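Q: Predicted model, plus sequence, below.
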Amino acid sequence: MDNQGSNNFNNNQGGVAHDANFWNPNPVTQSQGFQPQSTQPQGYQAQGYQSQEALQSQSSQYQTSQSQAFQPQNFQPQNFQSLAQSNSFQTTPINNFQSSASANTNNLLNKDFNIMTDEEKKEAERIARAKNRVDLLKTIGLIVVSLLAVLFIGLFIWMTLKWSEASTNVQGKIDVAVAEAKNQLQAKLENEFAEKEQYPFLTFSGPADFGSLTFEYPKNWSVYIPDDASRGGEFNAYLNPGQVNVVSDTTIMALRVSIRTEQIDSVLEDYNRKVQDGEMTVASKVVNKVNVNVFTGKLDNDYQGIVCIFKIRDKTAILRTDSSNVFRENFEKILSTIRFNS
């Protein structure tokens, strides 16, 4: 019975075929065949749905393109290589990755801390500590560079001032130095002169041909040299306090100096005879690092005196005082200062 009711229902429809899509109100006849039609308006078909004629046209075009898509004679390796080198096969550069990581870091630090996950908070704290360390190192470096710059600037200013002072005061300093040198020299000369004035002795200098005999004698003594020894012969000199008395054998002289060409042995014979006769005594004394004989006793003029005899080169030097009681101390001082060229 159900089938009959169904047939009656179909018969009552008048043979008119309806679309299976009940939302399509437009019926089509049997002669036209079943063609699905879009329920959307024409303006909506432009966005994704097309008519049957358009679908057939696209199907024919697709078959034509598929028939021409691959032909062995048109295949070339270069096209495949260019395809492999297209953007679909390219890898991301390292700098793009670094810029992406930097952008992610900045985004993480700019993100609200309260809405971060635990892992994001830990990562943010690690990044913040790293940035703080970098900032601290930068600050320390800046401080060190600043201190070095201040130090170099200070040294430069100090050297500039020194150079300026030296360049502007060179002449003044030279004048001051010259004046100080003159004052020092003058003071030195005055001191030497004062010392010489206070020093109670003067220096006697004999001729160079006779061994350059020198010794010190009291400065209140006078010196008399009667003959020029450069003419040859003997050299004689007479020294006496105040002024020199008339030269004679009977005159008392504080010091008689004689350099003879006579050999020393012949000169010593007379004094050794007086030693044997008991009129004189002999003693050895070091004069100018040489042992010499010193005779003390009765002289030829019957005065009690002291005689020192020593050799100078090929000559004989005789120093004598006519009064051993008055001039003994001065005579010994003179012997201690004797110098000559042997």
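A: In hand now; what should we look at? Bear in mind the structure is a predicted one, so any value in this text is a computation, not a measurement.
Q: use CA for all of it now, contacts and neighbours both
A: Will do.
Q: Count the neighbours of Val247 for me.
A: 13 (other Cα atoms under 10 Å).
Q: For Ile225, which non-adjacent residue is spatially closest?
A: Ala237 (4.6 Å; Cα to Cα, 6 or more residues apart in numbering).
Q: Would you map the helices across the stretch 201-342 of the chain?
A: 264-277, 324-336 (DSSP state H, counting those that start in this stretch).
Q: picking up where we left off before, contacts only, for the residue nearest to Ile225.
A: Listed by Cα atoms under 8 Å, 6 or more residues apart in numbering, the contact partners of Ala237 are 223-226, 256-258.
Q: Among the residues you listed, which one sits closest to Gly305?
A: Taking Cα to Cα as the measure, Gly305 lies nearest Arg256 of these, at 11.0 Å.
Q: Can you give me the neighbour number for that closest one?
A: Arg256 has 19 nearby residues by other Cα under 10 Å.
Q: Next SSE downstream of the longest helix along the chain?
A: Determined from DSSP state H, the single longest helix within the chain is helix 118-168. Later in the chain than helix 118-168, the nearest helix or strand by DSSP states H and E is helix 170-198.
Q: now for that following helix, which elements pack on it?
A: Here helix 170-198 touches no other helix or strand, going by 3 or more Cα pairs under 8 Å, 6 or more residues apart in numbering; DSSP states H and E.
Q: Taking helix 118-168 as reference, get the angle to it.
A: Angle of helix 170-198 versus helix 118-168, following axes from the mean of the first three to the mean of the last three Cα atoms, to 10 degrees, is 60 degrees.
Q: residues of helix 170-198 that come out buried?
A: Across helix 170-198, burial judged by 16 or more other Cα atoms under 10 Å covers no residue at all.
Q: Let me see the mean pLDDT of that helix.
A: What helix 170-198 shows for mean pLDDT is 83.
Q: same check, this time on stretch 130-143
A: 90.
Q: go on, stretch 314-334?
A: pLDDT averaged over stretch 314-334 gives 92.
Q: ok, back up a step: show me which of the contacts of Ala237 are buried.
A: By neighbour count, with 16+ other Cα under 10 Å, the contacts of Ala237 hold 223, 256-258 as buried.
Q: That concludes my questions; thank you for your assistance.
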